[in-house]
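Visitor: Quick one, what's the 3D model for this:
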Amino acid sequence: MLLLLAAALPGLLWDAPPDTAPALREAGITRVLVPRARLSAWQNVAGISAEPADPQPAVKLRPPGVNYRIDLGSASRSPWLDLNGWQYQRRPQGRFTYEAKGAQAALAAAEAFCYGGSAMVHPDDAGLKPFAQMLEFLRGVDKPDMPALADIGFLDDGSPAAGEVMNLMMRENLLFQIVRQPDPKLKLNVRLGTKDFPLEDAKNPGVMAHAVRAKLTDEKRSVRIYGSLVVVARVTVAPDGLRVHLLNYAGAQRKVDGVRVRVLGHYEKHRLAAAGSPGEELLDFVADTDATEFTLPELKTYAVIDLSR
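Guide: I've put the predicted structure just below:
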């Protein structure tokens, strides 16, 4: 069990020489992934376990965060989120790397863990401590490998356009899974190039994401987020209920206050774990017949809410 859990945690990619070990130890880092050429030099460094890594074949991901695009004239004031969840869904067996500075390193680690991805995070010096703190939190989150809940089946043709549509659906908190054929068990199936989802509309992924949302309808969405445009949810299924993952993509800059969440289904019990906010409790928890709602007072970077009956 411990080995399985360790395998689910993101690794710290470090290509600096061993004389940087004091900085690692001070930040709370005890394990690093190093290029093979440096492995022998790291073998006998006190307090640091070094393992070989080859980042070259890994898919390079954008550092997660928010781009408010203040220099871009637009009718929409919605911030642009740099998120990578759809990349993990497209390549479930893939290997990924992040170049992350400062607090972005913690958000990158949380994102990789949230989506069950195999990732290496390459931080700068300022990112060492945030990464170590997030890793410590993730070690305390049990049962990381649970199947994801989906409302939508997306037939991914592998094109850049399909990738952008998935990216925007994820930003809109539309829960989807990639399918090879339409799945009648899901509430909606989306194939680009059909009458309902023409390829012309896919040239504007935002338009397509809104079309998917309208076709699904908000009433059928398994999860909805109120009060923030920078929080993305993922929902996984546990034997006795659901786990709601919340990622704050502005977490490298600021926390979000008062996140209201609505989940389909009646759940009377709940348990919250929030990175950087020990002891925090959910507010205004209401379990109606068809849906459960609650408020997270503040979300710094990543939170996990377990709901059960």
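
Visitor: Mind checking what secondary structure the residue in the chain sticking out farthest from the centre has?
Guide: Computed with CA atoms, centre = their mean, the residue of the chain farthest from its C-alpha average is residue 44, at 34.9 Å. Counting by DSSP: H, G, I helix; E, B strand; the rest coil, the backbone at residue 44 sits in coil.

Visitor: What pLDDT does the model give it?
Guide: The model reports residue 44 with a pLDDT of 89.

Visitor: show me what contacts residue 62?
Guide: 82, 84 (CB atoms under 8 Å, 6 or more residues apart in numbering). From N, CA and C alone the C-beta is placed, and that goes for glycine too.

Visitor: One more pass at 10 Å, please.
Guide: Counting by CB atoms under 10 Å, 6 or more residues apart in numbering, residue 62 makes contact with 82-84, 87, 98-100, 108.

Visitor: Among these, which are located in helices?
Guide: Taking DSSP state H as the definition of helices, the contacts of residue 62 contribute 87, 108.

Visitor: Tell me the buried residues within the contacts of residue 62.
Guide: Buried members of these, scored by 16 or more other CB atoms under 10 Å, are 83-84, 87, 98-100, 108.

Visitor: Mind checking which of those residues land in strands?
Guide: 98-100 (DSSP state E).

Visitor: wait, which of these is closest to residue 23?
Guide: residue 100 (16.3 Å; CB to CB).

Visitor: all helices of the stretch 101-250 of the chain, in order?
Guide: 104-114, 128-139, 160-171, 199-202, 205-216 (DSSP state H, counting those that start in this stretch).

Visitor: Please identify the buried residues of the third one?
Guide: Spelled out, that is helix 160-171. The neighbour-count check on helix 160-171 (16+ other CB under 10 Å) flags 161-171 as buried.

Visitor: Closest one of the residues you listed to residue 8?
Guide: For these, the nearest to residue 8 is residue 170 (20.5 Å; CB to CB).

Visitor: residues contacting that closest one?
Guide: By CB under 10 Å, 6+ apart, the contact list for residue 170 reads 81, 83-87, 89, 115, 176, 209, 232-234.

Visitor: hmm, 6 Å instead?
Guide: Contact analysis of residue 170 by CB atoms under 6 Å, 6 or more residues apart in numbering lists 85-86.

Visitor: Got the confidence number for it?
Guide: For residue 170, pLDDT reads 96.

Visitor: Check the gap between it and residue 309 for me.
Guide: 28 Å (CB to CB, to the nearest Å).

Visitor: same question, residue 160
Guide: 42 Å.

Visitor: try residue 101
Guide: Residue 101 is 43 Å from residue 309, where distance means CB to CB.

Visitor: Compare those two and say which is more crowded by neighbours.
Guide: Legend: neighbour count by other CB atoms under 10 Å for residue 101 and residue 309, higher for residue 101 (16 against 11).

Visitor: any idea how far the more buried one is from residue 131?
Guide: According to CB to CB, residue 101 and residue 131 sit 11 Å apart.

Visitor: next one: residue 225
Guide: 26 Å.

Visitor: which of the two has more neighbours?
Guide: Higher neighbour count among residue 225 and residue 131: residue 131, with 26 against 21, using other CB under 10 Å.

Visitor: Now that we're looking at that one, what pLDDT does it have?
Guide: The model's pLDDT for residue 131 equals 97.

Visitor: which ones are touching it?
Guide: 105-106, 109, 123.

Visitor: For residue 175, see how far away the nearest residue to it once chain neighbours are set aside is.
Guide: Closest residue to residue 131 apart from its sequence neighbours, by CB to CB, 6 or more residues apart in numbering: residue 105 at 4.0 Å. Distance, residue 105 to residue 175, using CB to CB: 27 Å.

Visitor: These two: who's more crowded?
Guide: Counted by other CB under 10 Å, residue 105 and residue 175 do not tie: residue 105 has more neighbours, with 30 against 20.

Visitor: what's near enough to touch the more buried one?
Guide: 121, 123, 127, 130-131.

Visitor: Now residue 253: closest residue in space, sequence neighbours ignored.
Guide: residue 66 (7.1 Å).

Visitor: same thing with residue 50?
Guide: residue 42 (3.6 Å).

Visitor: quick one, what contacts the one you found?
Guide: Here residue 42 is in contact with 18, 34, 50 (CB under 6 Å, 6+ apart).

Visitor: can you do 10 Å?
Guide: 14, 17-18, 21, 32, 34-35, 48-52.

Visitor: and what of residue 204?
Guide: Each residue near residue 204 by CB under 10 Å, 6+ apart is listed here: 161, 164-165, 168, 210-211.

Visitor: With residue 177 as the reference, measure out to residue 191.
Guide: Using CB to CB, residue 191 is found at 14 Å from residue 177.
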